[in-house]
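A.B. asks: here is a sequence together with a model predicted from it:
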Amino acid sequence: MLLKFTKMHGAGNDFVVIDLITQRCKLRPRDIRMLADRHLGVGCDQVLLVEPPGSPDVDFRYRIFNADGKEVEQCGNGARCFARFVRDKKLTHKRVISVETNCGVIQLRIRDNHQVEVDMGTPVFEPARIPFKAQEEADCYPLEVDGQTLEIGAVSMGNPHAVLRVDSVADVDIEHLGPRIETHEAFPKKVNAGFMQVVSPGEIRLRVFERGVGETLACGTGACAAVVYGLNRGWLRDTVTVNLPGGKLSISWAGPGHSVKMIGPTALVFEGSIKI
Ligand SMILES: N[C@@H](CCC[C@H](N)C(=O)O)C(=O)O
């Protein structure tokens, strides 16, 4: 069949978005891998499927697949692009949209200038729920990688993140360290690895090696994880500008028990059809 798609990005984290409300298709993991392939398909970090909701209390359901074909729980930049997509396609006229994801319902607010605000929910630090193998919950943990001990923060934003503070993101050997942290045995479901440079209490630089993808130009949940880790360590204040290789996000967190708010851009790249 010929499948219609929309290519979008949020701060350079790119997506193939598929409307499964007005068209029907059952995508297999190999279809997802083909769509995500930058040589043989459309090319993206994640494929997003927009579906009807499972309950009348929410507006939509959306599902997220990494480029490796595996379904995941959450995607911050994808959530913003999803909101812009359903408005642009006139699947809703609402500016405040609630959507069911694999880690619960999240709220999105469409602002002006193609910016979208997302309530990303409360961060989870309990090791078993990340999941992360540790005796007890702590602000930071030692992680042995290639004979050196790294100091990491571990947090779930619906999906698992490890965050390391570094002196300079430009000097991180992300191609070497990223895969080793992603597949470290302490993270039974693998992990997204973020490298954070604190510029000031209100500004960080961040590079993320994403689970199931590799280094991306931006990671929304990674930005949230870095800010909550930095706040817990006393390095950051409650609203932080996160500079990623592909753009800027604004992340706010009022502390334990509060949800994390993210504001950032969305962009439409092109639309097309592809044979599945
Ligand atoms: N790019 C995303 C995160 C996508 C999922 C991630 N790779 C995972 O496996 O958890 C974001 O913007 O949050």
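C.D. replies: That came through, no problem.
A.B. asks: which SSE is immediately downstream of the strand or helix carrying residue 16?
C.D. replies: Residue 16 is part of strand 13-19 when elements are defined by DSSP states H and E. With elements assigned by DSSP H and E, the helix or strand that comes after strand 13-19 is helix 29-36.
A.B. asks: with just CA atoms, put that following helix into CSV.
C.D. replies: What follows is helix 29-36, C-alpha atoms only, in CSV (Å, rounded to 0.1, in the frame of the first residue of the first chain):
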residue,chain,number,x,y,z
PRO,A,29,9.2,-3.5,13.0
ARG,A,30,10.9,-3.9,9.6
ASP,A,31,8.6,-1.3,8.1
ILE,A,32,9.5,1.1,10.9
ARG,A,33,13.2,0.4,10.3
MET,A,34,12.8,1.1,6.6
LEU,A,35,10.9,4.3,7.2
ALA,A,36,13.6,5.5,9.6
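A.B. asks: tilt between that helix and strand 13-19?
C.D. replies: 120 degrees (axes from the mean of the first three to the mean of the last three CA atoms, to 10 degrees).
A.B. asks: buried residues in helix 29-36?
C.D. replies: 31, 32, 33, 34, 35, 36 (16 or more other CB atoms under 10 Å). For every residue, glycine as well, the C-beta is placed using N, CA and C.
A.B. asks: kindly report the same for stretch 266-273.
C.D. replies: Buried, per 16+ other CB under 10 Å, within stretch 266-273: residue 266.
A.B. asks: quick one on the thing from earlier: and the strand holding residue 16, which strands flank it?
C.D. replies: Applying DSSP bridges to the sheet, strand 13-19 is found paired with strand 2-10 (antiparallel), strand 46-51 (parallel).
A.B. asks: can you list these in CSV and add mean pLDDT?
C.D. replies: Formatted as CSV, those follow (pLDDT from 0 to 100):
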stretch, mean pLDDT
strand 2-10, 98
strand 46-51, 98
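A.B. asks: all strands for the stretch 1-150 of the chain, in order.
C.D. replies: Here the stretch 1-150 of the chain has its strands, by DSSP state E, counting those that start in this stretch, at 2-10, 13-19, 46-51, 60-66, 71-72, 96-101, 104-110, 115-119, 141-145, 148-156.
A.B. asks: my bad, should have said the stretch 151-276 of the chain
C.D. replies: With DSSP E, counting those that start in this stretch as the criterion, the stretch 151-276 of the chain has strands at 160-165, 192-200, 203-210, 214-216, 239-244, 247-252, 261-265, 267-275.
A.B. asks: from what I see, residue 164 and residue 150 are in contact.
C.D. replies: Yes - the criterion here is CB atoms under 8 Å, and residue 164 meets it with residue 150 at 5.8 Å.
A.B. asks: returning to what we had before: among the strands of the stretch 1-150 of the chain, which is the most enclosed?
C.D. replies: Mean neighbour count (mean count of other CB atoms under 10 Å) peaks for strand 13-19 among those, with a mean of 26.
A.B. asks: is the ligand contacted by that strand?
C.D. replies: Yes - Strand 13-19 reaches the ligand (CB under 6 Å from any ligand atom) through residue 13.
A.B. asks: can you check stretch 186-204 too?
C.D. replies: Yes - Stretch 186-204 is in contact with the ligand by CB under 6 Å from any ligand atom, via residue 192.
A.B. asks: what comes up buried for that stretch?
C.D. replies: For stretch 186-204, the neighbour count (16+ other CB under 10 Å) marks 186, 187, 190, 191, 192, 193, 194, 195, 196, 197, 198, 204 as buried.
A.B. asks: how far does that stretch sit from the chain's center?
C.D. replies: Relative to its chain's centre, stretch 186-204 lies at 12 Å (CA atoms, centre = their mean, to the nearest Å).
A.B. asks: any chance of JSON lines for the strands paired with strand 13-19, columns distance to residue 26?
C.D. replies: Converted to JSON lines, the strands paired with strand 13-19 look like this (distance: least, CB to CB, whole Å):
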{"stretch": "strand 2-10", "distance to residue 26": "11"}
{"stretch": "strand 46-51", "distance to residue 26": "10"}
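A.B. asks: which of the strands of the stretch 1-150 of the chain sits closest to residue 175?
C.D. replies: Across these, residue 175 has its closest neighbour in strand 141-145 (13.8 Å, CB to CB).
A.B. asks: the closest one: partners in the sheet, and parallel or antiparallel?
C.D. replies: Sheet pairing here is set by DSSP bridges, and for strand 141-145 it gives strand 148-156 (antiparallel).
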